[in-house]
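J.: Give me the fold of what follows.
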Amino acid sequence: MSAGTLIGVGVGPGAPDLMTLRSVARLKAADVIAIPRRSPWDESLAWRIAKGNVGEVPGQERLFLTFPMTKDPEKLKPAWAAALEQVAPRLAAGKTVAFVSEGDPFVYSTFIYLMDQVLEKLPATRVEIVPAVSSITAVPAAAGIPLADGQERIAVLPATYGVEDLARVLREFDTVLLMKVSSVMPKVVDALEREGLLDRAVYVSKATTGEERIVRDLRSIKNDRCDYFSMVVVARRDRSGILAGAVAEAS
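T.: Next up, the predicted model:
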């Protein structure tokens, strides 16, 4: 047996034409493409982004791995163990396994957990990371809000974990990106209103895709069922001129 290679391949935020040349090349050359999905009945978002660019590769294996959408580690641990059970023998046989990850593989990605377990069980495994356009840059671009200029500071946090700290973060950072706001939008809106920043916030869902949605009045969606792949960008600096230009260009 020889050590194989595990590659974390970022496929970007949603638009297939935002995949990099390197990500496409690595996926086409891999012996196995590991494809994460939320359940056996769900289509993998990462694979939906990538499959058109990769096409059919003779002899290549497509390995679907199921990871439930939950924060409960007791439910996630069996999924990680099952994934490792499938990936490890292929790596031990010297194969190259490329794991597709929406966004970037090192930004809030399931790939990180799989990589840690692989290296614990098969420490000789070679690991390669193919970075990608992340929602952290794609969403502000869609909203027309620069992330930082000069010495401005940026904070990125999953809203589901960080709502309690939001007021402090909003005061300490110039631009704040709140990821996965769908289940906590009422709390986010209330926190922004208390801080006087509600009019400096923009909601974006499914950025870069044909279903992209941009909302500049968060009050209008406070009680809506928002999309899971959504983010709120808050900029303390007045970007009204830039935002007006973005709106005019989009209309």
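
J.: Skip the chain neighbours and tell me the closest residue to the most centrally placed residue in the chain.
T.: In the chain, the centroid-proximal residue (Cα atoms, centre = their mean) is Gly103; its distance is 4.2 Å. Distances taken as Cβ to Cβ, 6 or more residues apart in numbering place Ser134 nearest to Gly103, at 4.8 Å, with adjacent residues excluded. C-betas here are computed from N, CA, C, even on glycine.

J.: and if you look at Val202?
T.: Distance criterion Cβ to Cβ, 6+ apart; nearest residue to Val202, sequence neighbours excluded, is Ala143 at 4.2 Å.

J.: where's the residue nearest to Gly103 relative to Pro123, distance?
T.: Using Cβ to Cβ, to the nearest Å, we find Ser134 at a distance of 28 Å from Pro123.

J.: again with Ala30
T.: On the measure of Cβ to Cβ, Ala30 and Pro123 end up 21 Å apart.

J.: With neighbour numbers in mind, choose between those two.
T.: Taking neighbours as other Cβ atoms under 10 Å, Ala30 and Pro123 compare with Ala30 leading, 22 against 8.

J.: in which helix or strand would I find Val156?
T.: Using DSSP states H and E, Val156 sits within strand 154-158.

J.: what about that strand, distance to the chain center?
T.: How far strand 154-158 lies from its chain's middle: 13 Å, per Cα atoms, centre = their mean, to the nearest Å.

J.: Output that strand as CSV, nothing but the C-alphas.
T.: Backbone C-alpha positions of strand 154-158 (Å, rounded to 0.1, in the frame of the first residue of the first chain) are rendered in CSV as follows:
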residue,chain,number,x,y,z
ILE,A,154,-13.5,42.9,9.0
ALA,A,155,-15.4,40.4,11.1
VAL,A,156,-16.9,37.1,9.8
LEU,A,157,-19.2,35.0,12.0
PRO,A,158,-21.9,32.4,11.6
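
J.: how far out from the middle of the chain is the next helix or strand after it?
T.: Past strand 154-158, further along toward the C-terminus, the next helix or strand under DSSP H and E is helix 159-162. Here helix 159-162 is found 15 Å from its chain centre; the criterion is Cα atoms, centre = their mean.

J.: quick one: contacts for Lys142?
T.: To be clear, residue 142 is Ala; Lys isn't right here. Ala142 makes contact with 204, 207-208, 212, 214, according to Cβ atoms under 8 Å, 6 or more residues apart in numbering.

J.: those strands in this protein, which residues are they?
T.: 5-10, 32-37, 61-66, 96-101, 126-130, 154-158, 175-179, 201-205, 213-215, 230-235 (DSSP state E).

J.: Present those as CSV; the columns should include mean neighbour count and mean pLDDT.
T.: Putting the strands of the chain into CSV (neighbours: other Cβ atoms under 10 Å; pLDDT from 0 to 100) gives the following:
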stretch, mean neighbour count, mean pLDDT
strand 5-10, 26, 98
strand 32-37, 22, 96
strand 61-66, 15, 95
strand 96-101, 26, 98
strand 126-130, 15, 98
strand 154-158, 17, 92
strand 175-179, 24, 94
strand 201-205, 24, 95
strand 213-215, 16, 96
strand 230-235, 24, 94
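
J.: can you redo those as JSON lines with distance to Leu147?
T.: Putting the strands of the chain into JSON lines (distance: least, Cβ to Cβ, whole Å) gives the following:
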{"stretch": "strand 5-10", "distance to Leu147": "18"}
{"stretch": "strand 32-37", "distance to Leu147": "27"}
{"stretch": "strand 61-66", "distance to Leu147": "32"}
{"stretch": "strand 96-101", "distance to Leu147": "21"}
{"stretch": "strand 126-130", "distance to Leu147": "22"}
{"stretch": "strand 154-158", "distance to Leu147": "6"}
{"stretch": "strand 175-179", "distance to Leu147": "5"}
{"stretch": "strand 201-205", "distance to Leu147": "13"}
{"stretch": "strand 213-215", "distance to Leu147": "16"}
{"stretch": "strand 230-235", "distance to Leu147": "8"}
